[in-house]
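[1] Everything below, folded, please.
(2 chains)
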Number of protein chains: 2
Amino acid sequence: MRPLLTDFRATRPRHEVSQVRLLAWLVDAHVEAETARAELDGAARAAFASRMAAAVKHCACPPAQIGTRGVVIGDIGAADWDANLIYDLRRHPHGQGSGARTRLFAEEVDAYFTTAYADDPVAPHDLIHVTCTGYISPSGAQKLVSRRGWGGSTRVTHAYQMGCYAALPAVRIAAGFRASASQLEHQADIVHTELCSLHLDPTDHRIEQLVVQSLFADGLIRYSMVNDDGRSGLRLLALHERILHDSSHAMAWMVADWGMQMVLGRDVPERVASSLRAFVIELFQRAGLPIERLADSMLAVHPGGPRILDRVRDVLELDEGQLRTSREVLFDHGNMSSATLPHIWMRLVDDARVPRGTLIPSLAFGPGLTVCGGLFEKT
Amino acid sequence: MRPLLTDFRATRPRHEVSQVRLLAWLVDAHVEAETARAELDGAARAAFASRMAAAVKHCACPPAQIGTRGVVIGDIGAADWDANLIYDLRRHPHGQGSGARTRLFAEEVDAYFTTAYADDPVAPHDLIHVTCTGYISPSGAQKLVSRRGWGGSTRVTHAYQMGCYAALPAVRIAAGFRASASQLEHQADIVHTELCSLHLDPTDHRIEQLVVQSLFADGLIRYSMVNDDGRSGLRLLALHERILHDSSHAMAWMVADWGMQMVLGRDVPERVASSLRAFVIELFQRAGLPIERLADSMLAVHPGGPRILDRVRDVLELDEGQLRTSREVLFDHGNMSSATLPHIWMRLVDDARVPRGTLIPSLAFGPGLTVCGGLFEKT
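    Numbering: from 1, shown residues only, chains lettered A, B, ... in the order given. Okay, here's the model as predicted:
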């Protein structure tokens, strides 16, 4: 029996903030940070605020593309700078250091694992924890297993630092565990905790950073890989991935002093798009399916931003409707890094308009540049 | 055919420093950091130096247990504080921030991957990069694949933030990839780059930190998982792991402001030891072998420090000779985090005194507390 992804359960982060408010807050945060850092007087502050508002208006992802974003901390979207946990920008223009951000990540993720698994009577055989936004061991996954006394039956694996595409390596790891498992009824849970909102640096005013800060949000979701026993879910037909030649500098993600830092080249959508047609042909070949089936597929494409969806649509000659779900998830949540693709999968499974038997080609991108793909069938 | 670990190739870090010199340097580093931080005068500095020397003498791993440690940067062991890359302690008493340490990690790891793979004409199907001491994407593994044009044939997986035991999850991941691979002749390479020396904070004078700083070293090693075709190596018979109940607080490892921070409880060897006998019995059962075979095995035990080896020896009723290789690797290298167990494996494979057919029970420990085990047979 083939592996099946099923039982998707997302948790909304505590705070949900409209993109309109978030973009206004972004301007305020940069102004507050620059005022503190450079000790601006009133006039200089006003001039800087006006420049920053223009820059954000010019380059940020607009509210027509992202409606709301979820964030775990009240700092984001609020204006009481001195009360903030991470972004107390008057005292710390960059925000708090990496240690404080990691500790907050640990608290939030522990709380999430506790509630997300509160009603699970049976332990999974494997628990794969996916994140690129907080590194601390024992992890929330390890603590859950220790607390629940599951240590004898559940193995924890960290699939960390693989960026926005990490759902697909996680599925690949889970499929491998299943293939080499001794149990007939193997269950591997995959849990994403992406707290992107912990990694802003409001002293970095570069356009590239404003783009990033206008896109990312927090995402918490779990799902399981089980035997395909007729349940509702996504049957795994094929996986494929490729690191593009000489594209290492186009995107980066690293631990820095004030949380993690991103590099995002303007040409990422172009570089990805140029290789995509051949990539998707190979993905279908691996599943033994003709590429013509792409035409009646529903796609799950990681919406890094609106532009990447446009480029994927054009280069694969898709109808806008085939990307509908990907755009909706971007609109309702923003870019939740690796948690985004699973949110799209969940919606496609739940969507009565998407009939059983529909093929779901799934694509995600990240540092490398790495292009990851999976081909699924809705059951 | 069973999976075989083979072709172990370790690279010595650029600098090799005797433990005698390293411990003297450790005292000097803490004195220099405290002098800068607290603006000590000559008398206060002398008093602090004498206290610190006594503390290090009391708690550090002695030169009888660790002879030398390898480190990638010249800072360690040298006394020209102003010339140091990370530990320029007069200007930065904690050493440089996490960003600088990550960038240096990237440089060293890129250089290592380039030379370690300079003579490989054929790309592995999977490249699993293991580390808990530097998080940056694209990683050295991704950059190698991109540079060599291996992107169409080699998949990169990051097995990060799993601490000292990570070689065994990496072997588990590789075995899964092999079990689900379409290729008949699947090759998964596992590469460890542990640069522990980048994560000292000489302003933290707690005994626990002095213990840690007296143990850890840098380790660089690669090996492959292939089909067991009669080559010399370690045939995988069984894997087992367990997260101990209510032991989450005993050990921790997290991203902080000045590199990564460790928590190491005094009772870790006791906690691990108490569960170990049952654990090893289950490991042998999983391989279908009687526990009596333990008596004529050679063990590969992660030498977190000398005490854990003593406890393992006592609780498993081993001869000192069965732990010989583990102690030798500790003596020659120090604790290289996840790279340590592979160094022991390499030595056991190369050691003509260890006959083919010898069982190699392998044990490693880390945050969770997680106890990991593998049972191998030398071929």
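
[2] is it true that residue A:305 touches residue A:59?
    No - here residue A:305 lies out of contact with residue A:59, judged by Cβ atoms under 8 Å, at a distance of 10.8 Å. Using the backbone N, CA and C atoms, a C-beta is placed for each residue, glycine as well.

[3] Which one's more surrounded, these two?
    Set side by side, residue A:305 and residue A:59 show more neighbours around residue A:305, with 22 against 15, by other Cβ atoms under 10 Å in any protein chain shown.

[4] who's residue A:127 bridged to?
    residue A:156, residue A:189 (DSSP bridges).

[5] per-residue confidence at it?
    Note on residue A:127: pLDDT of 98.

[6] now it: how far from residue B:372?
    Distance of residue A:127 to residue B:372, computed by Cβ to Cβ, to the nearest Å: 15 Å.

[7] Can you get me a residue count around the closest residue to chain B within the stretch 51-200 of chain A?
    Nearest residue of the stretch 51-200 of chain A to chain B, counting by Cβ to the nearest Cβ: residue A:176, 2.3 Å away. For residue A:176, the count of nearby residues is 25 (other Cβ under 10 Å).

[8] Quick check: chain neighbours aside, which residue is closest to it?
    residue B:176 (2.3 Å; Cβ to Cβ, 6 or more residues apart in numbering or on different chains).

[9] just to revisit the earlier point, overlap in contacts of residue A:305 and residue A:59?
    residue A:211 (Cβ atoms under 8 Å, 6 or more residues apart in numbering or on different chains).

[10] For the stretch 151-300 of chain A, which residues are neighbours of chain B?
    Contacts of the stretch 151-300 of chain A with chain B, taken as Cβ under 8 Å from any Cβ of the partner chain, map to A:151-152, A:154-163, A:169, A:172-173, A:175-180, A:182, A:241-248, A:251-257, A:261, A:286.

[11] now, which of those residues lie within strands?
    A:155-160, A:241-243, A:251-256, A:261 (DSSP state E).

[12] Going through these, which ones are buried?
    A:155-160, A:241-243, A:251-256, A:261 (16 or more other Cβ atoms under 10 Å in any protein chain shown).

[13] Return the closest of those with respect to residue A:134.
    Residue A:134 has its nearest neighbour among these in residue A:160, at 8.9 Å by Cβ to Cβ.

[14] What's opposite that closest one in the beta bridge?
    Bridge pairing for residue A:160 - DSSP bridges - gives residue A:131.

[15] Counting neighbours, show which residues of stretch A:6-16 come out buried.
    Neighbour counts over stretch A:6-16 (16+ other Cβ under 10 Å) mark A:6-8, A:10, A:13, A:15 as buried.

[16] Just those: which are in strands?
    A:6-8, A:10, A:15.

[17] where do the strands sit along chain A?
    A:3-11, A:15-18, A:68-71, A:126-131, A:136-137, A:155-160, A:188-195, A:218-227, A:234-243, A:251-256, A:259-264, A:300-301, A:359-366, A:370-378.

[18] Compare the ones you listed and report which one is nearest to residue A:80.
    Closest among these, using Cβ to Cβ: strand A:15-18, at 13.9 Å.

[19] Contacts only, for residue A:49.
    Residue A:49 neighbours (Cβ under 8 Å, 6+ apart): A:27, A:31.

[20] 6 Å instead, please
    residue A:31 (Cβ atoms under 6 Å, 6 or more residues apart in numbering or on different chains).
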